[in-house]
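>>> give me the fold of what follows.
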Amino acid sequence: MDLERLLTRGVAETIVKEELSRKISSGQPLRLKQGFDPTRPDIHLGHAVGLRKLRQFQNLGHQVILIVGDWTAQIGDPSGQSATRRMLSAEEVRANAQAYLQQFFKIVDCQRTEVRWQSEWYDKFGLADVIKLTSKFTVAQMLVREDFAKRYAAGSPIAITELLYPLLQAYDSVAIRAEVEFGGIDQKFNILAGRELQRLVGQEPQQVVLVPLLVGTDGVNAMSQSRGNYIGITEPADQMYGKVMSLPDHVMMDYFEWVTDVPDEELAEMKEALLKDKVNPRDIKMRLAREIVSQFHSYEAALEAEEEFKRVFQQRQLPSEMPTLYLDRARYGVDAVPITTVMLETGLVKSRSEAKRMIVQGGVRLDGRLIMEEGQLVVIENGAILRVGKRRFVRLAFKD
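Numbering: from 1, shown residues only. Here you go, the predicted structure:
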């Protein structure tokens with residue numbers, strides 16, 4: 001890959017670009033640091049932006065050192081947060097980490113990755129070590145962070161553990177003698193803290209590659225599981241395809257640039273065609289959906305997902321396959337029941353508030369009939385189709 005393209009496509013900022021370019025050109029393998037806090041078990045396309053960049057560096061012969069933040073995850077990364085996060089248990093962290101690692105190697109080369117756990121060094125830390133680490137930075141330096149500054153100005157609580165978070169992440173770089181650290185642009189403060197700490201202890205400061213934050217399916221906020229606007233890399237092909245097709249047009253080209261390998265020349269042609277209304281944005285988006293599904297499944301799976309999408313959303317037909325939920329005839333087969341109860345027990349919604357929101361938005365149909373009221377009573381017919389939103393279907397049947 002061309003060096004300039006490596007350091008610009010899917011990259012928000014490089015520190016220091018000239019130094020990193022020189023190191024890469026030397027031909028010597030670099031130690032690339034990527035840390036993650038296993039606060040949740042799944043990886044989405046937002047994570048894939050940085051992981052794809054790591055893989056590109058690996059393809060040039062460089063070594064990834066993946067830091068599992070089993071200590072920092074228990075604190076919770078305060079980056080961008082307006083309130084203190086709940087601390088996770090060690091058991092929750094370890095379970096999430098195992099699931100995360102399986103997905104991580106769907107993108108990053110396992111053979112060129114060394115996995116390290118923070119507990120390797122932090123389990124040995126004593127009070128003297130903590131005091132020595134905290135002496136390297138001042139409270140004033142911490143309050144330079146925008147999120148801390150806003151919370152401090154508003155009188156909102158900032159836990160001492162949160163002030164420790166950037167220091168712990170920084171020490172990871174010292175512990176493994178990182179040469180380049182990768183992270184989202186929102187991690188800039190934490191990663192620069194690592195660069196500064198390395199300098200203070202006599203190590204050569206790490207170079208920094210910051211990737212942009214991918215906007216989620218809502219078209220506004222950064223992709224996040226907590227916001228529900230994410231596309232998981234292990235989601236079924238048809239769901240992944242459908243979610244990509246639900247993206248607003250204005251984010252399409254970012255997805256092409258950051259999450260696909262479509263050549264730059266083709267992207268330039270797409271942009272010009274869209275700008276001059278020479279192409280239907282839907283057709284460009286279908287190309288994007290095929291590219292993404294092919295990457296995490298297969299090209300054949302992408303084509304099947306596309307045909308299913310056309311059947312359900314363009315031809316208004318039912319999906320060729322859908323799960324069947326078997327109900328108790330004594331409970332559902334005689335009297336009318338609240339639709340929200342059925343929605344919850346089928347698992348198509350996670351809460352009554354979500355059920356209410358979907359009904360208010362006109363997103364619930366039973367055998368094609370629009371459900372208008374949250375408390376609406378319905379009689380379930382054997383084989384009835386319940387649809388919630390654009391992509392959630394279930395067939396209702398009674399046990400024999």
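>>> what residues sit buried inside stretch 379-388?
In terms of neighbour count (16 or more other CB atoms under 10 Å), stretch 379-388 has its buried residues at Ile380, Ala384, Ile385, Leu386, Arg387, Val388. C-beta coordinates here come from the backbone N, C-alpha and C atoms, glycine included.
>>> and of those residues, the nearest to Glu196?
Nearest to Glu196, judged by CB to CB, of the buried residues of stretch 379-388 is Val388 at 49.8 Å.
>>> okay, the closest one: pLDDT?
As predicted, Val388 sits at a pLDDT of 83.
>>> what secondary structure does the nearest residue to it once chain neighbours are set aside sit in?
When the adjacent residues along the chain are set aside, Val388 lies closest to Leu348, with 4.2 Å between them (CB to CB, 6 or more residues apart in numbering). Secondary structure assignment for Leu348 (DSSP: H, G, I helix; E, B strand; the rest coil): coil.
>>> give me the phi and psi for the nearest residue to Glu114 once chain neighbours are set aside.
Closest residue in space to Glu114, ignoring its immediate chain neighbours: Ile65 at 4.9 Å, by CB to CB, 6+ apart. With angles defined as degrees, to the nearest 10, Ile65 sits at phi -110, psi 110.
>>> OK, contacts around Ile65?
When contacts are counted by CB atoms under 8 Å, 6 or more residues apart in numbering, Ile65 is found next to Arg31, Leu32, Lys33, Gln34, Thr113, Glu114, Arg116, Ile176, Ala178.
>>> buried stuff in whichever strand or helix holds the fourth one?
Right, Gln34. Taking DSSP states H and E as the criterion, the element that holds Gln34 is strand 31-36. Of the residues in strand 31-36, those with enough neighbours to count as buried (16+ other CB under 10 Å) are Arg31, Leu32, Lys33, Gln34, Gly35, Phe36.
>>> and the lowest-mean-pLDDT helix or strand in the chain, what's buried?
Ranked by mean pLDDT, DSSP states H and E, the helix or strand of the chain with the weakest confidence is helix 329-332, at a mean of 71. By neighbour count, with 16+ other CB under 10 Å as the criterion, the buried positions of helix 329-332 are Tyr332.
>>> what does that helix contact?
Surrounding helix 329-332, the residues in contact under the criterion CB under 8 Å, 6+ apart are Val337, Val342, Ile380, Leu396, Phe398, Lys399.
>>> return the residues in contact with the last one.
Each residue near Lys399 by CB under 8 Å, 6+ apart is listed here: Tyr326, Leu327, Asp328, Arg329.
>>> can you do 10 Å?
Neighbouring residues of Lys399 by CB atoms under 10 Å, 6 or more residues apart in numbering: Tyr326, Leu327, Asp328, Arg329, Ala330, Gly333.
>>> one step back: now the least confident helix or strand of the chain: how far from the chain's centre is it?
On the basis of CA atoms, centre = their mean, to the nearest Å, helix 329-332 sits 40 Å off its chain's mean C-alpha point.
>>> show me where pLDDT drops low in this protein?
Across the chain, the stretches falling below the confidence threshold (pLDDT under 70) are 1, 75-87, 313-322, 333-334, 400.
>>> name the residues of stretch 45-60 that are buried.
Of the residues in stretch 45-60, those scored as buried under the neighbour-count criterion (16+ other CB under 10 Å) are 45-58.
>>> rewinding a little: let me have the contacts of Lys399 in JSON lines, adding distance to Gln198 as columns.
Compiled in JSON lines, those are given as follows (distance: CB to CB, whole Å):
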{"residue": "Tyr326", "distance to Gln198": "60"}
{"residue": "Leu327", "distance to Gln198": "61"}
{"residue": "Asp328", "distance to Gln198": "63"}
{"residue": "Arg329", "distance to Gln198": "68"}
{"residue": "Ala330", "distance to Gln198": "68"}
{"residue": "Gly333", "distance to Gln198": "68"}
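>>> narrow the buried residues of stretch 45-60 to those in helices?
Per DSSP state H, helices hold the following members of the buried residues of stretch 45-60: 45-58.
>>> make a markdown table out of those and add distance to Ser224.
As requested, these are arranged in a markdown table below (distance: CB to CB, whole Å):
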| residue | distance to Ser224 |
| --- | --- |
| Leu45 | 11 |
| Gly46 | 7 |
| His47 | 11 |
| Ala48 | 14 |
| Val49 | 13 |
| Gly50 | 15 |
| Leu51 | 16 |
| Arg52 | 19 |
| Lys53 | 20 |
| Leu54 | 21 |
| Arg55 | 23 |
| Gln56 | 24 |
| Phe57 | 26 |
| Gln58 | 26 |
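>>> let me know the closest of the residues you listed to Leu213.
Comparing these against Leu213 with CB to CB places Gly46 closest, at 6.7 Å.
>>> I'd say the closest one and Ser224 touch.
Yes: in terms of CB atoms under 10 Å, Gly46 counts as a neighbour of Ser224; the distance is 7.3 Å.
>>> give me the common contacts of those two.
Common neighbours of Gly46 and Ser224, using CB under 10 Å, 6+ apart, are Leu213, Gly216, Tyr230.
>>> related to what we said a few turns ago, from the buried residues of strand 31-36, which is closest to Thr161?
Nearest to Thr161 among the buried residues of strand 31-36, counting by CB to CB, is Gly35 at 17.2 Å.
>>> alright, I will stop here.
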